[in-house]
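Asker: just the structure for this:
(one chain, ligands or ions: 2)
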Amino acid sequence: MAQHLMQTLHVELGDRRYPIFIGSELDTAQLLAPYIQGKQVMIVTNTTVASLYLDQYSSALQGLGKDLATCVLPDGEKYKNIEHLQLIFDALLGAGFNRDCTVLALGGGVIGDMAGFAAACFQRGVYFVQVPTTLLSQVDSSVGGKTGINHPLGKNMIGAFKQPQVVLADMSHLKTLDKRELSAGLAEIIKYALLGDLDFLVWLEQHMEQLVAGDLNLLAEAVYRSCAHKARIVAADEKEQGERALLNLGHTFGHAIESYLGYGQWLHGEAVATGMVMAADLSMRMGWISQAELDRVKNIINRAQLPITCPAIPLTEFLAYMSHDKKVLNGQLRLVLLKRLGQAIIYKDFDVEHMHQAILANQNLS
Ligand code: NAD
Ligand code: GLY
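Answerer: Ligands and ions are numbered 1, 2, ... in the order given. Presented below is the predicted three-dimensional model:
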């Protein structure tokens, strides 16, 4: 019944082109059937998502006649590590899975990143399906093929590009999502508006309270518009040789916040939110955006129930974490900044003193 509300996008990667289905209460079996080649399917999920949705997906896949196995990991960013990745390999080998198996990620970005990395490595690469169940994973992590795990010295430092066969974003799963997690997803949605789409920013300003309240139709529209941006950028620059780095707006600052506070203390989206304020603040100090525009950035982030300042972090430590960023080239940090509102650029010749001020000005020193 709700199928007619479904929207479809494609990530145009030649013979690796894949669809993103966005809608509510999707017909899982019908949509997945064409994209699962072999008989063996390993659902990778976590304890929280398993209790909510594992039965639904297990039944759908069994209905398709698949040989099903599951790997249920503990829930949390702190488990996105090599030890827990090993559990996926244990499960795949324990179930006797072959090279034509499919790894299906059922969960948020942590599960998607880990399952995708396992799919990239197991027997040098097997099929992969993304069923993102958080707003953040629906608008960002499930699309584009970045997968990986954290290292104690840096976030997402070990990984691989592994594109899925299909992405199934069922908006109805957001009904069970914690409000704080919904807001974390809104951070990545705001990111797309700030980096490349002023009209989308205006739309978000018109609808932010309804989005925060969990209006599924508006959320579906926001997911569609966000995925359309990401799909276009990934198709143009899959391996992040250029334009794709724009998707990291706020992330260099955000990763420093996340890493300093300890994985899982602040949500990824929360750290990105404050990181975007720091990037916008530096852009203002560069003379590219006005104080009023910086306030506009802070205002939309604040209305999404996201933090615009982070706890006090010693500058030397903040900078040390920033230096682990994957955008460091030849020892030179490159930042994504706002040339204007709705247009981001990758820039290395910023004034370092201005960067320090932008970090310090957006810490909560009280
Ligand atoms: P998450 O995967 O930790 O999920 C957040 C919480 O929501 C978890 O407790 C999870 O169990 C729970 N949950 C998931 N779906 C639910 C549902 N429908 N109902 C109730 N609870 C549910 O966090 P996230 O925000 O989805 O993803 C963050 C991760 O994504 C980070 O590790 C980040 O590095 C990664 N990421 C990757 C990319 C990429 O391109 N690969 C992009 C952005 C973020
Ligand atoms: N989340 C940034 C990217 O996928 O490139």
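Asker: per-residue pLDDT of residue 129, please?
Answerer: On the pLDDT scale, residue 129 is placed at 98.
Asker: what does the one 10 residues further on give?
Answerer: The confidence metric pLDDT takes the value 98 at residue 139.
Asker: ditto for the one 4 residues further on
Answerer: Predicted confidence (pLDDT) for residue 143: 98.
Asker: where along the stretch 1-150 of the chain do the strands fall?
Answerer: 7-11, 18-23, 40-46, 67-73, 102-107, 127-132, 146-151 (DSSP state E, counting those that start in this stretch).
Asker: highest average neighbour count across those strands?
Answerer: Each of these was scored by mean neighbour count; the highest is strand 102-107, a mean of 29, by mean count of other C-beta atoms under 10 Å. To be clear about C-beta, it is placed using only N, CA and C from the backbone, and glycine gets the same treatment.
Asker: and that strand, what other elements does it pack with?
Answerer: Packing partners of strand 102-107 (3 or more C-beta pairs under 8 Å, 6 or more residues apart in numbering; DSSP states H and E): strand 40-46, helix 55-63, helix 109-121, strand 127-132.
Asker: next, see if it gets close to ligand 1.
Answerer: Yes - shown here: strand 102-107 in contact with ligand 1 (C-beta under 6 Å from any ligand atom) through residue 107.
Asker: and for stretch 236-254?
Answerer: No - using C-beta under 6 Å from any ligand atom, stretch 236-254 stays clear of ligand 1, coming no nearer than 7.8 Å.
Asker: stretch 18-29 now?
Answerer: No - using C-beta under 6 Å from any ligand atom, stretch 18-29 stays clear of ligand 1, coming no nearer than 12.7 Å.
Asker: state the distance from residue 308 to ligand 1.
Answerer: 19 Å (C-beta to the nearest ligand atom, to the nearest Å).
Asker: just checking, that residue touches residue 272?
Answerer: No - using C-beta atoms under 8 Å, residue 308 is not in contact with residue 272; the gap is 12.0 Å.
Asker: between these two, point out the one with more neighbours.
Answerer: residue 272 (30 against 18; other C-beta atoms under 10 Å).
Asker: tell me the SS of residue 214?
Answerer: coil (DSSP: H, G, I helix; E, B strand; the rest coil).
Asker: got the phi/psi numbers for it?
Answerer: For residue 214, the backbone dihedrals (degrees, to the nearest 10) come out as phi 90, psi 30.
Asker: share the number of residues neighbouring it, please.
Answerer: 15.
Asker: residues contacting it?
Answerer: 174-175, 179, 182 (C-beta atoms under 8 Å, 6 or more residues apart in numbering).
Asker: need the pLDDT of the one residue in the stretch 201-350 of the chain that gets nearest to ligand 2.
Answerer: Nearest to ligand 2, among the residues of the stretch 201-350 of the chain, is residue 247, at 3.8 Å (C-beta to the nearest ligand atom). pLDDT recorded at residue 247 is 97.
Asker: now do the contacts for the residue positioned nearest the centre of the chain.
Answerer: Centroid-nearest residue in the chain, with C-alpha atoms, centre = their mean: residue 141, separated by 3.1 Å. Residues near residue 141 by C-beta under 8 Å, 6+ apart: 108-109, 112-113, 132.
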